[in-house]
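Engineer: my questions are about this predicted structure, shown below with the sequence.
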Amino acid sequence: MQFTLIAGLLTSCKIMYVPNTQNVPMMEEKNDLKVELSTKDLQVAYAVTDHIGIMVNGYYNKNEWSATTSGPTTLEYQFLSKRSLIEGGAGYYTKLGEKGRFETYAGAGYGHIDYDYDLLEDNVKIEKDEFGIGMMRFFVQPAIGSQGDNFGIAFSARVAGVMFSNMDTVNYTQTELVHEDLHELEDNMFIFMEPALTLRFGFKYAQLQLQPYYNFKLSGPAIPAKKFGFNVGLYLNIDELY
C-alpha cells in the first residue's frame, strides 16, 4: 500500500511545460555580445547593428530520484526526467537615455521531454514505463529596463506558443494518459504568458543574475505546466573584454 502510494505520486507529476530562463540582453550598440549561463541554460545575444540583435538559447535539465520499500521483497521505483530546448531569435533594441533600454525579440525552437520509470524487485527490473514527446515553441518577448556596469533591472513579458508532436510511450494506457492530462497534447496549441523580472548585481564584466517569473496559460486544454520559477545565473559582458 505504501509503495503503491509513492509510485502513484511519482508517476502523476509529468510537467509538460517548464519555461526556460528569458534571454534579456539589454544591449547598447553594434557588436555588443552578451552571454547568460547557469547549470541549465546557455544563452548568447549579439548586436548585428545599433538596433538589430540576434540570440541563441540552449536549455537542458535532468532529474533522477527513487523510492524504496522493504518487506518480503525489496521494491525500488526509479524516476528519470530529461528536457531540452534549442531556439533562435532576432529583434529590435534601442537606448532610452544613458542606461535605459527597450527591446523586443521573436523566435522559435525545438525541444524534447522524456520521463522514464523503472520498477525493480530485489534489484531485478520487472517493469519499465517510458514517455517521450517533441515540443515546438514560438515566442515574442518585449522587455524594458536599465543596464549599468554594476546593476541591471528589466521587466519582460514573453508570450509563448507551444505545440507537441511525435508522442512515444511504452506501457501507457489511454486511461492513464487521460488521467494525467496528456491525451490532448498533440491536438492543440498552448499559449502562455510569462512575465519575469530580471535583476543583476556585480561588476562591469560579470554580474549575478536573478530572474523570478510567473507563467499562466492563455489558451488550450488542461496541461501540467510549471506556474512559478526562480532562475539564477551569470550575466557576462563579453564585448567589454575587447
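Structural biologist: Everything's here; your move.
Engineer: burial measure for residue 96, as a count.
Structural biologist: 11 (other Cβ atoms under 10 Å). No exception for glycine: its C-beta is placed from N, CA and C like everyone else's.
Engineer: got a list of what the residue nearest to it when sequence neighbours are not counted touches?
Structural biologist: Closest residue to residue 96 apart from its sequence neighbours, by Cβ to Cβ, 6 or more residues apart in numbering: residue 102 at 5.7 Å. Counting by Cβ atoms under 8 Å, 6 or more residues apart in numbering, residue 102 touches 93-94, 96, 142-144.
Engineer: which of the residues you listed count as buried?
Structural biologist: Buried members of the contacts of residue 102, counted by 16 or more other Cβ atoms under 10 Å: 93, 142-144.
Engineer: just the residues you listed: which are in strands?
Structural biologist: Counted as lying in strands by DSSP state E, out of the buried ones among the contacts of residue 102, are 93, 142-144.
Engineer: and these as JSON lines, adding distance to residue 60 and pLDDT?
Structural biologist: As requested, those are arranged in JSON lines below (distance: Cβ to Cβ, whole Å; pLDDT from 0 to 100):
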{"residue": "93", "distance to residue 60": "27", "pLDDT": "98"}
{"residue": "142", "distance to residue 60": "26", "pLDDT": "98"}
{"residue": "143", "distance to residue 60": "24", "pLDDT": "98"}
{"residue": "144", "distance to residue 60": "29", "pLDDT": "98"}
